[in-house]
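Participant: Got a predicted structure here, sequence first:
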Amino acid sequence: MTEATDVSLGGETGKAAIAKFAMAAVGFVASIFFARELGPGAFGGYYLLFGLVKFADRPLMGWATASKKRFADDETKRREIVGLQFLFNAAWILLAAVTALLLASNIRSYSGLAIGPLLFVILLVSESNYEAFDRILTARGQVGLATWADALRSYLTLPLQALFVFALAGYGADGMVYGLAGATVLTFPIVFYFIKTKPAIPSLDTLASVAQYARYSIPTDLFMNLYSRLDMILLGILLVPATAANYQVAAQLTVPATFVASLAGSGLMPRVSRLWTEGKAVGQEVTNAIAFSSVFAVPILFGALAIPNALVVTVYGSEYALGASLIASIAAYQFLATQTTPLIQTLNGIDRPDVNMRASGIALSVNIVLGVILTLQFGPIGVVISSLVAESLIYVFTAYVVKRQVPSVELVPRPLCVQVSTGVIMFLVVSAVSRVVVVQSWFDLGILLTVGATTYVGVLLVVSPAIRTTVGSVLDGSRLETYIPRRFLNW
């Protein structure tokens, strides 16, 4: 049976990254269509409701993180762990749904959606169950498999949402919920099948083992999710849904920045956990994850700095022009987040979820206070600045503890420095070309994006043997050498 240490982390990350890009392409197209069709009010209302669901299901996700950790460590109790996750899901969803119905008027007011409470429950039931067991699936290290299952869900989501929003007139933002929930229900059996573990009634020992870890992972997940979605929440409370929509479209353009970090981190946690339990070294594993987690975040950051207006307005229209003033700051936050992700997952793997809980709690407190003050003072840009400050605190806190626990870890590996230097070169090239190519259409934007991507990838491959070696390792592990021969990297 496949375990986390039996698979290539680079290969799994490579396969998963392809799936992520496929999902991003679908999500990107969908966001353009729905943003233009629904308008900032309804479009922003959907994402405000979605963010509320993601806040409400945090205890469930925190418990799933504990299940993932114990699932990776102990093969003898896996059936009980899966059964326990089902029981916890049912109890928490029932409690959260009852609470939502009691606060129905507040949910309607916050989201601007007339049947917001019902939509909240539908999303909670479908999303929470899917993501909990998807998290357990990655405990085997098969991140690529889990991500391709999620990609399938995306492929089903777009046509179903289009059916409700466009074909069945009158559903509007409600149709986006129905489409997502329908696709999730159709995909869940696939995820559960590949877990390859039938549920069993858990013993008290299993309950105590998972609960011991969950006492830290639940508050951490709650803090981190509230922290990551605080921007949207504050914009919804302090400003108007249309402002949240402008933030969302800018954030949507930076989503690929996190792909490698989130995927590698998901596989890193069970891998480090297994090695740490067996008393083996983990420093090189963590260093490699840090070195390449920002490989997409770097060009997105410098691209957002070079052509912010061209990106947002060309893609989403002048109605979302406010997003152009936010995209560079959001991209900077994403870059910093890609560096904290492997540190957080390392601490989870070496049984220090308490550190992550404290770090996320402190960051959340700072983010709330600064977010309110700066948003009221400077508008939507204030909430992004507060997130940057809070993320910096998480990085410093987690980096210090990881370095103390695993001294061999390099926090600023040379490949990361090369990527940033290459990003600066890309910024200068794109900025120069943008003075000649004035963006007035998708074609013009495509020219600038092609110039930027070619410059970044080309310079990286030329100046960095480590990059070439890593790409070759990913090709070997993911069987992509069929399409990209290794000989092009061996020079």
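Facilitator: Thanks, I have the structure now. Residues are numbered from 1 along each chain as shown.
Participant: Quick one: the helices in the stretch 101-250 of the chain, in order.
Facilitator: Here the stretch 101-250 of the chain has its helices, by DSSP state H, counting those that start in this stretch, at 104-111, 116-137, 143-162, 173-195, 204-238, 241-253.
Participant: Contacts for the last one next, please.
Facilitator: Applying CB atoms under 8 Å, 6 or more residues apart in numbering, the set of residues contacting helix 241-253 from outside is 27-28, 31, 35, 40-41, 43-45, 47-48, 111-112, 231-232, 235-236, 300, 304, 311-312, 315-316, 320, 322-324, 326-327, 330, 379-380, 383. (C-beta placed from N, C-alpha, C; glycine too.)
Participant: what mean pLDDT does stretch 126-139 have?
Facilitator: The pLDDT scores in stretch 126-139 average 87.
Participant: got it, and stretch 74-82?
Facilitator: On average, stretch 74-82 scores 87.
Participant: what does it rub up against?
Facilitator: Here stretch 74-82 makes contact (CB under 8 Å, 6+ apart) with 1, 67, 70-71, 133, 136, 195, 197-203, 206, 209-210.
Participant: Taking the contacts of helix 241-253, please make a ChimeraX selection of just the buried ones.
Facilitator: In ChimeraX, a selection of the buried entries from these looks like this (16 or more other CB atoms under 10 Å):
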select :28,31,35,40,43,44,45,47,48,111,112,231,232,235,236,300,304,311,312,315,316,320,322,323,324,326,327,330,379,380,383
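Participant: follow-up on the earlier one: buried deepest among the helices of the stretch 101-250 of the chain, which one?
Facilitator: helix 241-253 (a mean of 25; mean count of other CB atoms under 10 Å).
Participant: That helix: what's the following helix or strand?
Facilitator: Next in sequence after helix 241-253, counting helices and strands by DSSP states H and E, comes helix 259-277.
Participant: what packs against that next one?
Facilitator: helix 9-56, helix 58-73, helix 143-162, helix 283-292, helix 327-349 (3 or more CB pairs under 8 Å, 6 or more residues apart in numbering; DSSP states H and E).
Participant: got the CA coordinates for that helix in PDB?
Facilitator: The C-alpha coordinates for helix 259-277 follow below in PDB (Å, rounded to 0.1, in the frame of the first residue of the first chain):
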ATOM      1  CA  PHE A 259       0.300  26.300  -6.300                       C
ATOM      2  CA  VAL A 260       3.700  24.800  -5.700                       C
ATOM      3  CA  ALA A 261       3.800  25.900  -2.000                       C
ATOM      4  CA  SER A 262       0.300  24.400  -1.200                       C
ATOM      5  CA  LEU A 263       0.900  21.200  -3.100                       C
ATOM      6  CA  ALA A 264       4.500  20.600  -1.900                       C
ATOM      7  CA  GLY A 265       3.400  21.500   1.700                       C
ATOM      8  CA  SER A 266       0.500  19.000   1.500                       C
ATOM      9  CA  GLY A 267       3.000  16.200   0.600                       C
ATOM     10  CA  LEU A 268       5.700  17.500   2.900                       C
ATOM     11  CA  MET A 269       3.700  17.200   6.100                       C
ATOM     12  CA  PRO A 270       3.100  13.400   6.000                       C
ATOM     13  CA  ARG A 271       6.600  12.800   4.600                       C
ATOM     14  CA  VAL A 272       8.300  14.800   7.400                       C
ATOM     15  CA  SER A 273       6.000  13.100   9.900                       C
ATOM     16  CA  ARG A 274       7.000   9.600   8.700                       C
ATOM     17  CA  LEU A 275      10.700  10.400   8.700                       C
ATOM     18  CA  TRP A 276      10.600  12.200  12.000                       C
ATOM     19  CA  THR A 277       8.800   9.300  13.600                       C
END
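Participant: so how far is that helix from its chain's centroid?
Facilitator: Relative to its parent chain, helix 259-277 has a centroid offset of 15 Å by CA atoms, centre = their mean, to the nearest Å.
Participant: Under the pLDDT cut-off, which ranges of this structure? List them.
Facilitator: Applying pLDDT under 70 to the chain picks out residues 1-28, 30-31, 141-142, 168-170, 240-241, 470-491.
Participant: Which residue, other than its chain neighbours, is closest to Glu391?
Facilitator: Leu336 (4.7 Å; CB to CB, 6 or more residues apart in numbering).
Participant: list the contacts for the one you found?
Facilitator: 388, 391-392, 395.
Participant: Adding neighbour count, distance to Ser421 and secondary structure, write those residues out as CSV.
Facilitator: Shown next, in CSV, are the contacts of Leu336 (neighbours: other CB atoms under 10 Å; distance: CB to CB, whole Å; DSSP: H, G, I helix; E, B strand; the rest coil):
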residue, neighbour count, distance to Ser421, secondary structure
Leu388, 17, 22, helix
Glu391, 22, 22, helix
Ser392, 15, 21, helix
Tyr395, 19, 20, helix
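Participant: What is the nearest of the residues you listed to Ala264?
Facilitator: Ala264 has its nearest neighbour among these in Tyr395, at 16.6 Å by CB to CB.
Participant: correct me, but the closest one touches Gln339?
Facilitator: Yes. Between Tyr395 and Gln339 there is a contact at 6.0 Å, judged by CB atoms under 8 Å.
Participant: Gly371: which of the helices and strands packed on helix 259-277 is closest?
Facilitator: Using CB to CB as the measure, helix 327-349 is the one of these that comes nearest Gly371, at 12.5 Å.
Participant: centre of the chain versus the closest one, how much separation?
Facilitator: Chain-centre distance of helix 327-349: 10 Å, with CA atoms, centre = their mean.
Participant: Mind listing what's buried along that helix?
Facilitator: 327-349.
Participant: what's the angle from it to helix 259-277?
Facilitator: 10 degrees (axes from the mean of the first three to the mean of the last three CA atoms, to 10 degrees).
Participant: now the angle from helix 327-349 to helix 58-73?
Facilitator: Using the same axes, to 10 degrees: helix 327-349 against helix 58-73 is 50 degrees.
Participant: by how many degrees do the helix or strand just after helix 327-349 and helix 241-253 diverge?
Facilitator: Using DSSP H and E, the helix or strand that directly follows helix 327-349 along the chain is helix 353-378. On the basis of the same axes, to 10 degrees, helix 353-378 is oriented at 130 degrees to helix 241-253.
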